[in-house]
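*Asks:* Coordinates only, no sequence provided:
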């Protein structure tokens, strides 16, 4: 783990691949950390220099008492600059997809190519809180592992074996836990966010990837984002839920490589 000070805060990050490779910055999801990109980072490190970082308020990065989605976007842009890149590609998973979209809206010229994974363009709150509310569950009474149990029905393809689910659950147990105050700051940062009016500003070729069985950010939410970005393509993985990054890692790695290297021509 390395640390860097950008945009007024300390950011923790890991890298995969050689720094001479094309840069790819990776932002993780809600309450999570950079560890979610371990397998994917290793799968694509021969072709890219992957910088997987803990977004502000998460993991081992600094946790200010208040921040916004725009702050996240500026963090990513500052990271790209700090690594000496005139521009770079970015991928984001779930909440991380909102962050990379926000960065591409704030400064389109800094983003080379964009891969939002299991994304959406707006929300009154986070997808997790919305799902828990639909089940009548009070999230304030749950710790992180209990929350994962409660959202299981939204996370997986029905055919995903229990052995993989258990492995992922064990990996997620490594995520540094947030205090109630830190969790509240995360939740507040996503209240009533709406990127839709500005998505037309994105100039980078964009590949939106959704998952057929995603109960948090379903495919229609990804399609809406794709429809609003000028140079975009949309794809649904049919053997995953919200945990697509674990369920179809090899397919995802292959598609990312094809897209970022220009072999995937659908949106040129």
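*Replies:* Perfect, thanks for sending it. Computed from a prediction, not measured in an experiment: that's the story for all the values here. Numbering: from 1, shown residues only.
*Asks:* Just give me the neighbour total for residue 159.
*Replies:* 9 (other C-beta atoms under 10 Å). (Each C-beta comes from the backbone N, C-alpha and C, glycine too.)
*Asks:* Check residue 146 too.
*Replies:* 12.
*Asks:* Now it: phi and psi?
*Replies:* Note on residue 146: backbone dihedrals following degrees, to the nearest 10 are phi -60, psi -40.
*Asks:* list the helices and strands the helix or strand bottoming out on mean pLDDT in the chain packs on?
*Replies:* Lowest by mean pLDDT, DSSP states H and E among the helices and strands of the chain is helix 144-150, with a mean of 81. Other elements packing on helix 144-150 under the criterion 3 or more C-beta pairs under 8 Å, 6 or more residues apart in numbering; DSSP states H and E are helix 127-134, helix 162-172.
*Asks:* among those helices, which is nearest residue 195?
*Replies:* helix 127-134 (14.1 Å; C-beta to C-beta).
*Asks:* Which residues does the closest one contact?
*Replies:* Contacts with helix 127-134, where a contact means C-beta atoms under 8 Å, 6 or more residues apart in numbering, come from 30-31, 94, 120, 123-124, 138-139, 142, 147, 150-151, 154, 187, 215-217.
*Asks:* Could you do stretch 42-55 as well?
*Replies:* 11-28, 33-34, 37, 40-41, 60-61, 72, 75, 79, 83, 89, 95-96, 99, 249-250, 253, 256-257, 260-261.
*Asks:* Quick check: end-to-end length of that stretch?
*Replies:* By C-alpha to C-alpha, to the nearest Å, the extent of stretch 42-55 from end to end equals 20 Å.
*Asks:* now it, how far from the centre of its chain.
*Replies:* From the chain centre to the centre of stretch 42-55 is a distance of 13 Å (C-alpha atoms, centre = their mean, to the nearest Å).
*Asks:* ditto for stretch 206-216
*Replies:* The mean C-alpha position of stretch 206-216 is separated from the chain mean by 12 Å, C-alpha atoms, centre = their mean.
*Asks:* coming back round to it: of all the helices and strands packed on helix 144-150, which one comes closest to residue 56?
*Replies:* Per C-beta to C-beta, nearest to residue 56 of the helices and strands packed on helix 144-150: helix 127-134, 18.2 Å.
*Asks:* Give me the distance from the closest one to the chain's centre.
*Replies:* That offset, for helix 127-134, works out to 18 Å (C-alpha atoms, centre = their mean).
*Asks:* State the distance from the closest residue to residue 2 other than its chain neighbours to residue 181.
*Replies:* For residue 2, ignoring the flanking residues on the chain, the nearest one in space by C-beta to C-beta, 6 or more residues apart in numbering is residue 13 at 5.7 Å. To residue 181, residue 13 is 24 Å away according to C-beta to C-beta, to the nearest Å.
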